[in-house]
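Novice: would you be able to build a 3D model of this:
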Amino acid sequence: MQAAMEITARYCQKEMESYGSCVSSNPSTWQQKCHDLKMKVSQCTSSHPVIQKIRQDCSSEFVKFEQCLKENQDTPTSCSAHVARFLGCAETVNLSGVATEPVPQPK
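Specialist: Residues are numbered from 1 along each chain as shown. From the prediction side, this is the model:
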């Protein structure tokens with residue numbers, strides 16, 4: 001997961017910072033107010049092979065984490081167990097042979 005976070009930070013820093021600021025500024029309404037920014041982060045990272053591999057291999061854990069966030073919008077910290085399961089899965093993903101550069105997106 002550390003590799004995925006570093007890649008996300010490297011290639012999607014602006015989007016991550018905007019989304020993080022929005023979530024921090026809107027603790028009880030971030031799910032609605034920050035949706036567009038969340039989609040921008042998703043679009044930015046969706047082309048990266050390492051992130052694609054983690055999402056593929058840990059999709060079940062990630063879906064459960066997202067569902068928890070939707071159900072606990074006022075208390076996202078209550079989803080820490082879901083985060084831990086997702087991160088644990090991500091750490092076990094075999095990244096050998098996965099390209100480390102993003103696939104160029106058409107403009």
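
Novice: tell me which element the most centrally placed residue in the chain falls in.
Specialist: Nearest residue to the geometric centre of the chain (CA atoms, centre = their mean): Ser42, 7.1 Å. Using DSSP states H and E, Ser42 maps to helix 35-45.

Novice: equivalent analysis for Glu15, please.
Specialist: Under the assignment given by DSSP H and E, the secondary-structure element containing Glu15 is helix 2-25.

Novice: and the helix or strand following that helix, what's buried?
Specialist: The first helix or strand that comes after helix 2-25 along the chain, using DSSP H and E, is helix 30-33. Of the residues in helix 30-33, those with enough neighbours to count as buried (16 or more other CB atoms under 10 Å) are 30-31. (C-beta placed from N, C-alpha, C; glycine too.)

Novice: show me what helix 30-33 is packed against.
Specialist: Using 3 or more CB pairs under 8 Å, 6 or more residues apart in numbering; DSSP states H and E as the contact criterion, the elements in contact with helix 30-33 are helix 2-25.

Novice: at 6 Å instead, please
Specialist: Judged by 3 or more CB pairs under 6 Å, 6 or more residues apart in numbering; DSSP states H and E, helix 30-33 has no packing partners among the helices and strands.

Novice: from what I can see Tyr19 touches Leu37, true?
Specialist: Yes - the pair Tyr19 and Leu37 qualifies as a contact (CB atoms under 6 Å) at a distance of 4.2 Å.

Novice: fine, thanks again, bye for now.
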